[in-house]
Each structure stands twice: as C-alpha cells, then as structure tokens.
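K.L.:
return atomic coordinates for the entry below.
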Amino acid sequence: MTFTNESNLKFEDISSEAIRTYEWPNGAKVIINEPLYLNVSKSGGHRLFDTSGTSHYIPSGWNHLFWTVKDGKPNFVK
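P.N.:
Numbers count the residues shown, from 1 in each chain. Okay, here's the model as predicted:
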C-alpha cells in the first residue's frame, strides 16, 4: 500500500507497532492493526495510516493509549 500525503502535515513512521489501541473513559476502544504513519495535531488528534490502506482520525480525549510492537522492534520510537 502506498502512502500519499498531500496535506503538508508531518507524519512519523510507527511501523514498529503491531497493534495500537485507544481507550476512552467510558470504556470504548478503537484498535488499529499494523499502523504505519502517525500525525499528532496541536489539538491532540491523531491521524494514522495502516497497512490495509485505511486512514484513521482519533480525536483527543482518550483515557488510555497502548500498543504492541512487532518482534525485535523498539517499544518507543518517539
């Protein structure tokens, strides 16, 4: 899948993550498998692109963010 960014936003490579999960205070969760690129806006929103070619927007205000990395990859990249 090709990532094309024409937004002038800077995206960071987070391809070492296997799974990224956002959790809100009410218990709602969003799970993103194989995220590739991340942009965090000034307001705290997250824009992500994953290996399936899906673009995601996660608004700020989640309660818990966690991820699992691929074997042999760093746990923190930024």
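K.L.:
residues contacting the residue nearest the centre of the chain?
P.N.:
For the chain, residue 48 is the residue whose C-alpha lies nearest the centre (Cα atoms, centre = their mean; 4.5 Å). By Cβ atoms under 8 Å, 6 or more residues apart in numbering, the residues touching residue 48 are 14, 20, 32, 35, 36, 37, 38, 39, 55, 56, 57, 58. All C-beta spots, glycine's among them, are computed from the backbone N, C-alpha and C.
K.L.:
write the PyMOL selection for whichever of these are buried.
P.N.:
Typed into PyMOL, the line below selects the buried ones among the contacts of residue 48, using 16 or more other Cβ atoms under 10 Å:
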select buried, resi 14+20+32+35+36+37+38+39+58
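K.L.:
return the member of the contacts of residue 48 nearest to residue 2.
P.N.:
Of all the contacts of residue 48, residue 2 sits closest to residue 36, with 10.7 Å by Cβ to Cβ.
K.L.:
what about that closest one, which helix or strand?
P.N.:
Under the criterion of DSSP states H and E, residue 36 resides in strand 35-40.
K.L.:
could you list the paired strands of that strand along with their orientation?
P.N.:
Taking DSSP bridges as the criterion, strand 35-40 forms sheet pairs with strand 12-13 (antiparallel), strand 46-50 (antiparallel).
K.L.:
quick one: the strands in this structure?
P.N.:
With DSSP state E, the ranges of strands along the chain come out as 12-13, 17-23, 29-33, 35-40, 46-50, 55-58, 64-69.
K.L.:
adding mean pLDDT and distance to residue 6, write the ones you listed out as JSON lines.
P.N.:
Shown next, in JSON lines, are the strands of the chain (pLDDT from 0 to 100; distance: least, Cβ to Cβ, whole Å):
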{"stretch": "strand 12-13", "mean pLDDT": "96", "distance to residue 6": "17"}
{"stretch": "strand 17-23", "mean pLDDT": "96", "distance to residue 6": "24"}
{"stretch": "strand 29-33", "mean pLDDT": "95", "distance to residue 6": "22"}
{"stretch": "strand 35-40", "mean pLDDT": "96", "distance to residue 6": "13"}
{"stretch": "strand 46-50", "mean pLDDT": "94", "distance to residue 6": "13"}
{"stretch": "strand 55-58", "mean pLDDT": "92", "distance to residue 6": "12"}
{"stretch": "strand 64-69", "mean pLDDT": "83", "distance to residue 6": "27"}
